[in-house]
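Q: build the 3D model from these lines:
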Amino acid sequence: MEKGYENISKDYVITTYDYTHKIGRGAFADVYRCRKLENGLLRPEIYVAKEIRLQRNIPNMKSRISREIDLMFQLTRDQSFVVKIFDHFQGRNPNEIYIIMEYCEGGDLERYVEENGPLAEDDIVDILRPVAEFFSKIHKRGIMHRDLKLANLLLAKKLVEGEKPKIKITDFGLAHVMRNEELAHTTCGTPLYMAPEIWKRDEKGYSNKIDVWAFGNMLYKMMYGEYVFEDVNVEKKIKEGTIRFTKLRFASMEAIDLMLKCLRRDPVKRISFDEIVTHPFFTRKEFKIFTKMFDCYYGYIDVNIDNSYDLLKDPNCLKLPEDKSQALDKHILYGRCNEEVLKELNKNSSH
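A: Numbers count the residues shown, from 1 in each chain. Below you'll find the model as predicted:
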């Protein structure tokens, strides 16, 4: 094989001629661009090789990987939103396993948001609606992902203005299949997205509503460019239970209502994916733009996640202080863009 390629099997090679061949890295796995060999010739198609390193201190890791592969093969038979698996095999090192998957050239959504900042609500709707529909289906089949996050949502192609994004869901390594509505107990996931009931680590366990919590975190990150509980001690921040909506972003009432319903501390009161799919944020024809007049001391709204607010039924349910700002219902504008709202607010403040 010519210089610049490394064989990982008789059929696949990893390109090594520049630093871009490695496209991801985790605690137990690295992800590379790879290509296929046929009759000694390099095919032009690009794939992804996920190199997993087995850890002796993690019980049943190999069987867990096998379950992930089986589940992804099963899901891709009837779900176009799951990253396809083409092959899997043991590496030269017996402690390495390779999974060959389809390549999504747009990269992951977490990196996209980090590089480009918050997204417009219409774009968020186009991206997250099919994700919600997918999870509505697999939850009915008793499957919970347990590591839903923006880094596991891939763009099949780079985003182009005027084109709707095509999303692919990946990494089912922590997925769990519930039988007879049994609860899960393993403490796992990515801390910034982990639901309060996972942090509790009690014997009661948790349900698929943990995916809903993660979905609410993704929505907030896409709206505001930061995580809901972005802190070194995430568990402590969740226990404090405050969501902050800053004045830096004019968000629709539908978006804020959906975030509040996804991020309820009590999983029983938390919305389901069936309800998310039919929520006005995804079904509306026009947004009610949720705005707020703040003075220099009130640049945000703090909301407690123990309260079961329904902002669409009662726009004044957050009960903000009247002496510092005007009532919410005076600033509900239908189908108005942020630029128009800003002009009106600036005009009013100058009088």
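Q: select the longest helix from this protein.
A: helix 121-140 (DSSP state H).
Q: what lies in contact with that one?
A: 75, 79, 81-82, 109, 119, 145, 148, 153, 164-165, 167, 169, 208, 211, 215, 218-219, 222-223, 251-252, 255, 272-274, 276-277, 281-282, 287 (CB atoms under 8 Å, 6 or more residues apart in numbering). In this view, the C-beta of every residue, glycine as well, is placed from N, C-alpha and C.
Q: can you flag the buried ones in the residues you listed?
A: With burial judged by 16 or more other CB atoms under 10 Å, the buried subset of those is 75, 81-82, 109, 119, 145, 148, 153, 165, 167, 169, 208, 211, 215, 218-219, 222-223, 251-252, 255, 272-273, 276-277, 281-282, 287.
Q: just the CA trace of the longest helix of the chain, in CSV.
A: Extracted as CSV, the C-alpha positions of helix 121-140 are listed here (Å, rounded to 0.1, in the frame of the first residue of the first chain):
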residue,chain,number,x,y,z
GLU,A,121,-36.0,28.9,15.2
ASP,A,122,-37.2,27.8,11.8
ASP,A,123,-33.8,26.0,11.3
ILE,A,124,-34.1,24.4,14.7
VAL,A,125,-37.6,23.1,13.9
ASP,A,126,-36.4,21.6,10.6
ILE,A,127,-33.5,19.8,12.5
LEU,A,128,-35.3,18.6,15.6
ARG,A,129,-38.7,17.7,14.2
PRO,A,130,-37.5,14.4,12.6
VAL,A,131,-35.5,13.7,15.7
ALA,A,132,-38.6,14.0,17.9
GLU,A,133,-40.6,11.8,15.4
PHE,A,134,-37.8,9.2,15.5
PHE,A,135,-37.8,9.0,19.3
SER,A,136,-41.5,8.9,19.5
LYS,A,137,-41.3,5.7,17.4
ILE,A,138,-38.5,3.9,19.2
HIS,A,139,-39.8,4.8,22.7
LYS,A,140,-43.0,2.9,21.7
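Q: so for whichever helix or strand comes after it, what's the average pLDDT?
A: Following helix 121-140 in sequence order, the next helix or strand is strand 143-144 (DSSP states H and E). If you average the pLDDT over strand 143-144, you get 92.
Q: does strand 143-144 pack against any helices or strands, and if so which?
A: Packing contacts for strand 143-144, counted by 3 or more CB pairs under 8 Å, 6 or more residues apart in numbering; DSSP states H and E, involve strand 176-177.
Q: what about the buried ones among the contacts of helix 121-140, which are in strands?
A: Among the buried ones among the contacts of helix 121-140, DSSP state E puts 153, 167, 169, 251, 252 in strands.
Q: distance to residue 236 added to these, as CSV?
A: What follows is these, written out as CSV (distance: CB to CB, whole Å):
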residue, distance to residue 236
153, 27
167, 32
169, 30
251, 26
252, 30
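Q: touching stretch 53-69 from outside, list them.
A: Here stretch 53-69 makes contact (CB under 8 Å, 6+ apart) with 28, 29, 52, 85, 88, 95, 96, 97, 99, 172, 173, 175.
Q: kindly reformat those as a markdown table containing pLDDT, neighbour count and distance to residue 314.
A: Shown next, in a markdown table, are these (pLDDT from 0 to 100; neighbours: other CB atoms under 10 Å; distance: CB to CB, whole Å):
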| residue | pLDDT | neighbour count | distance to residue 314 |
| --- | --- | --- | --- |
| 28 | 81 | 13 | 47 |
| 29 | 85 | 18 | 47 |
| 52 | 90 | 22 | 49 |
| 85 | 91 | 22 | 47 |
| 88 | 92 | 18 | 52 |
| 95 | 87 | 13 | 57 |
| 96 | 90 | 16 | 56 |
| 97 | 92 | 21 | 53 |
| 99 | 93 | 22 | 49 |
| 172 | 88 | 24 | 39 |
| 173 | 84 | 24 | 42 |
| 175 | 89 | 19 | 38 |
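Q: show me which pair in those residues is furthest apart.
A: Maximum pairwise distance among the contacts of stretch 53-69 (CB to CB): 22.7 Å, between 95 and 175.
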